[in-house]
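*Asks:* Need a 3D model of the sequence below.
(one chain, ligands or ions: 1)
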Amino acid sequence: FPVDKIRNFCIIAHIDHGKSTLADRLLEMTGAIAKTEKNKQVLDKLQVERERGITVKAQTASLFYSHDRQEYLLNLIDTPGHVDFSYEVSRSLSACQGVLLIIDANQGIQAQTVANFYLAFEAQLTIIPVINKIDLKNADPERVESQIEKVFDIPREECIRISAKLGTNVETVLQAVVERIPPPAGSIDDPFKALVFDSNFDHYRGVVANIAVFGGRVKKGDKIVSAYLCKTYEVNELGLLRPEEHPTQKLFAGQVGYIVAGMKDVKEAQIGDTLYHQEQPVEAHPGFKPAKAMVFAGMYPMDQSEYPALRSAIERLTLNDSSVTVQRDSSLALGAGWRLGFLGLLHMEVFNQRLEQEYNASVIVTAPTVPYKAVLSSAKLIKEHGSEELTIVNPAQFPDRSVVSEYLEPMVLGTILAPETHTGKIMSLCLSRRAVQKNMVYIDDQRVMMKYLFPLNEIVVDFYDLLKSLSSGYASFDYENAGYQTADLIKMDILLNGRPVEELTTIVHRDRAYSTGKAMCERLKESIPRQMFEIAVQAAIGSKVIARETIKAYRKNVLAKCYGGDITRKMKLLKKQADGKKKMRRIGNVEVPKDAFISVLKRK
Ligand code: GTP
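*Replies:* All right, here's what the predicted structure looks like:
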C-alpha cells in the first residue's frame, strides 16, 4: 500500500458515548467482520470489559475501504476510554494522524470528552467531531454543536451527525477519515522505526506487540532493538490486525500491525517504546515514560495455603499488564502477600475482578493509598536510603515527623461537567475534599465546567460515587496528574481491642484526622459482626486515642431457629455459617470480614 493511501485514526469518547458500537459498524461496512449479533463489540475482548461495558485494553483493526475508485487502508486504533488509562490513550494517539471525537447527542460534552480532546489537540491531530445517537428521542444535536463550537472552537459545519446503532450516516464518517485526515509522514526508504503502542502476552509465542511503523520496513528474521532496554530480538512473526492476526511477509512505513520477537515479558515491550533495526539506530520516539502507579494496595490470600495459587494468578495477570507494579509484602495479621501499584482506582478494581473471575482467586485487598513523599532531614537516613526524598507506598512505613523536614502529597487537576442546578452541592463536596477551585465556565445555558486542584488521596476512594449520586448521575469527572504539594500529614492507627492493625493504618491530613478516624471506627463497627466478647474499635495518633466505637458481645446461634429435627435443614444452616466464616479473617482474636479492609475508607 502506498503511504498516501493509508489513514491511521483513533476513536475517542466519553464512556458509553458509543465508541465500540461505531467501531463495530466501521468493521462491518469494510467487511472485516460479518454482520451478526454475535459480533457485537468484537473489539472489547476481555470478559470484564463486556460486563462493565468499558474498554480496558486498546485493540486495533486494519480496514480496507474504497472511495472514489481508490483503495485505502484505514487503521483503526481502539483506545481505552477511562482516565486511569490516559497514558495508553496518548500513546495510541501518537500512532495516529487523526481522531473521531464521539459525543452523545443527548448528553453532550462530558469530562472525558474534554480530556480526550486536549490529548488529541496537543498531539496536533485532525479532530473530526461525530455526534452519535441522533436516533434517541431527546437527542439535541444542535445544542451539542453549539457546545463544540464554544468549548473546542471547532465550527459546527465540521460535525457529523450519526446513529452508530442504526448505521445512519456512518459512511460519511469513513469518507471524512479519507478526506480530512492526512496520511502518515514516513517513507519506506527511511530506516525502520516503529512505535509500540500496545502489548499482550501469549503463552506460546511470548509478547505480541502492536506497532505503528513510522519509517522503513521490517520482515521475518530481522534483528530489531528496543530503544528503552537496548535489547536485541529476532522477528519471528508479523502481520496485520483485522482485528484477528493476519500474518504477512513484511510491514511497511505507515502500516499498523503486530510483531512477535521472542520477548518473554511485557516489560520488554513497554507502551511508548521505539523499535529499530540493529544496524540502523534511530532517535527514539519522544516522551516515553513507563506508566506510573498512583494507587497502591496490599493483596493477601484469604488463607495462607492459597498463597502459591494467588502468586501464580498475579504473575499471569501482570504478564499482560506492565503498568501494574508488584512488591512482596507481609503483615503480622494477614501473613505473606503483595503490595501492588495501579494507575488508578478503576484499574485496581478491574485487576481484582479479573483475579477473581479468571483465576478464581479469593483475595483480601487493603484500603488503597497514594504515593506520598517525605523529605528526610536526618543525615543518617538520607545516607541509608541514598536520597533525600522517600516515596511511601505503605502507610505502615510512614517515617516519623522527627526525621522529616516536610511531607508531600500527589495532586491532580480535576474537571467536572454538570448541570448548573447541581453546582452548589458539587462545590461543597469539593471543598470538603480540600480542593481549590481553578476555573468555572458555562458551556451552554444549562451546563457548567469546573476545574479543581485536588489532593489525589481525597478522590481515590469514593469521590466519583458521591459526585454521581448527588447529581443523579449527571455529573462527569476526569483528572490529570498535577505534581506534588507540601501537606501536613500524620499517621493514624486503628486498634481492635487495643491491638494496632497495620493493614488499617492510614495517612491523613491533620485537619481531617478526627473526622476520618471517627468515620473509620463507625464503618468498622458496621462491618465487623458481633462476637463472643466485646470489641473496642479505636483510632489513634501516636498514643492518643481520637475516636472509639464498641461492638457488643453476642453469640449467634444459628440452630435456634430450627425447631424439631429436620437434619438437612440443620446441615444447610451450618454450612451457610461455615461459608460466612470463610469470608472472615482472624486478627488477634477478632474475626474481620474481608471487605472491611477496603470499605473502611468509604465516607457517606
Ligand atoms: P466504552 O467502551 O465503555 O467507552 O463505551 P463505548 O463508548 O464504547 O460505548 P458503546 O459502544 O458500548 O455504547 C454504549 C451504549 O450506547 C450501548 O448500550 C449502545 O448500544 C448504545 N449506543 C451506541 N450508539 C448508539 C446510537 O447511535 N443510538 C442509540 N440509541 N444507542 C447507541
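*Asks:* what about stretch 441-448, average pLDDT?
*Replies:* The average pLDDT within stretch 441-448 is 93.
*Asks:* again, but for stretch 597-604
*Replies:* For stretch 597-604, the mean confidence score works out to 66.
*Asks:* Now do residue 119, the pLDDT please.
*Replies:* Confidence at residue 119, expressed as pLDDT, is 86.
*Asks:* is it true that it touches residue 89?
*Replies:* Yes: assessed by CB atoms under 8 Å, residue 119 is found in contact with residue 89 at 5.8 Å. Every C-beta, even on glycine, is put in place using the N, C-alpha and C of the backbone.
*Asks:* which residues are common contacts for the two?
*Replies:* Shared contacts of residue 119 and residue 89, defined by CB atoms under 8 Å, 6 or more residues apart in numbering, are found at residue 12.
*Asks:* quick one: secondary structure of residue 547?
*Replies:* The three-state label given to residue 547 by DSSP: H, G, I helix; E, B strand; the rest coil is strand.
*Asks:* Tell me the buried residues in the longest strand along the chain?
*Replies:* Assignment by DSSP state E gives strand 404-419 as the longest strand of the chain. Within strand 404-419, the residues scored as buried using 16 or more other CB atoms under 10 Å are 404, 407-418.
*Asks:* May I see those organised as CSV, with pLDDT added?
*Replies:* Putting the buried residues of strand 404-419 into CSV (pLDDT from 0 to 100) gives the following:
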residue, pLDDT
404, 92
407, 96
408, 96
409, 96
410, 94
411, 95
412, 92
413, 92
414, 92
415, 93
416, 95
417, 95
418, 95
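*Asks:* which one among those residues gets closest to residue 132?
*Replies:* Residue 132 has its nearest neighbour among the buried residues of strand 404-419 in residue 417, at 17.4 Å by CB to CB.
*Asks:* residue contacts, the closest one?
*Replies:* Counting by CB under 8 Å, 6+ apart, residue 417 touches 109-111, 114, 443, 447-450, 475-476.
*Asks:* let's go with 6 Å and repeat that
*Replies:* By CB atoms under 6 Å, 6 or more residues apart in numbering, the contact list for residue 417 reads 110-111, 449, 476.
*Asks:* Residue 453 too?
*Replies:* By CB under 6 Å, 6+ apart, the residues touching residue 453 are 411, 413, 436, 438.
*Asks:* can you redo these as CSV with distance to residue 372?
*Replies:* As requested, those are exported to CSV (distance: CB to CB, whole Å):
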residue, distance to residue 372
411, 12
413, 19
436, 19
438, 23
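*Asks:* Lowest mean pLDDT among the helices and strands, pick that one out for the protein.
*Replies:* Every helix and strand of the chain was ranked by mean pLDDT, DSSP states H and E. The lowest is helix 47-52, at a mean of 48.
*Asks:* Mind checking the pLDDT average for the next helix or strand after that one?
*Replies:* Per DSSP states H and E, the first helix or strand lying C-terminal to helix 47-52 is strand 60-67. For strand 60-67, the mean per-residue pLDDT is 88.
*Asks:* same question, stretch 329-339
*Replies:* Here the average pLDDT along stretch 329-339 is 84.
*Asks:* can you give me the end-to-end distance of that stretch?
*Replies:* End-to-end span of stretch 329-339 (CA to CA, to the nearest Å): 6 Å.
*Asks:* try stretch 355-369
*Replies:* End residues of stretch 355-369 are separated by 20 Å (CA to CA).
*Asks:* same question, stretch 155-174
*Replies:* OK, stretch 155-174 end separation, CA to CA: 20 Å.
*Asks:* now stretch 162-178
*Replies:* 17 Å.
*Asks:* Heading C-terminal from the strand or helix carrying residue 450, find the next helix or strand.
*Replies:* Element membership of residue 450 [criterion: DSSP H and E] is strand 447-455. For strand 447-455, the succeeding helix or strand toward the C-terminus, using DSSP H and E, is helix 456-459.
*Asks:* ok, and what's touching that next one?
*Replies:* Helix 456-459 is touched from outside by 370, 410, 412, 433-434, with contacts defined as CB under 6 Å, 6+ apart.
*Asks:* Restricting to C-alpha, output that helix in PDB.
*Replies:* The C-alpha coordinates for helix 456-459 follow below in PDB (Å, rounded to 0.1, in the frame of the first residue of the first chain):
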ATOM      1  CA  LEU A 456      -5.300  12.700  45.000                       C
ATOM      2  CA  ASN A 457      -6.000  10.800  48.200                       C
ATOM      3  CA  GLU A 458      -9.200  12.800  48.600                       C
ATOM      4  CA  ILE A 459     -10.700  11.400  45.400                       C
END
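*Asks:* And for the closest residue to residue 454 other than its chain neighbours, the neighbour number?
*Replies:* Excluding the flanking residues, the one nearest residue 454 by CB to CB, 6 or more residues apart in numbering is residue 435, at 4.6 Å. If you count neighbours by other CB atoms under 10 Å, residue 435 ends up with 23.
*Asks:* Okay, residue 435 and residue 492: tell me how far apart.
*Replies:* Applying CB to CB, to the nearest Å, the value for residue 435 to residue 492 is 21 Å.
*Asks:* same deal with residue 375?
*Replies:* Applying CB to CB, the value for residue 375 to residue 492 is 21 Å.
*Asks:* With residue 189 instead?
*Replies:* Distance from residue 189 to residue 492, by CB to CB: 63 Å.
*Asks:* got it, and residue 519?
*Replies:* Distance of residue 519 to residue 492, given as CB to CB: 11 Å.
*Asks:* same deal with residue 2?
*Replies:* 64 Å.
*Asks:* More neighbours: which of the two?
*Replies:* When residue 2 and residue 492 are compared for neighbours, residue 492 comes out ahead with 24 against 11, by other CB under 10 Å.
*Asks:* Thought residue 509 was touching that one, still the case?
*Replies:* No: using CB atoms under 6 Å as the test, residue 492 is too far from residue 509 to be in contact (10.4 Å).
*Asks:* can you pull out the strands in the stretch 351-500 of the chain?
*Replies:* For the stretch 351-500 of the chain, the strands defined by DSSP state E, counting those that start in this stretch cover 363-365, 372-376, 389-392, 404-419, 436-442, 447-455, 476-486, 489-496, 499-500.
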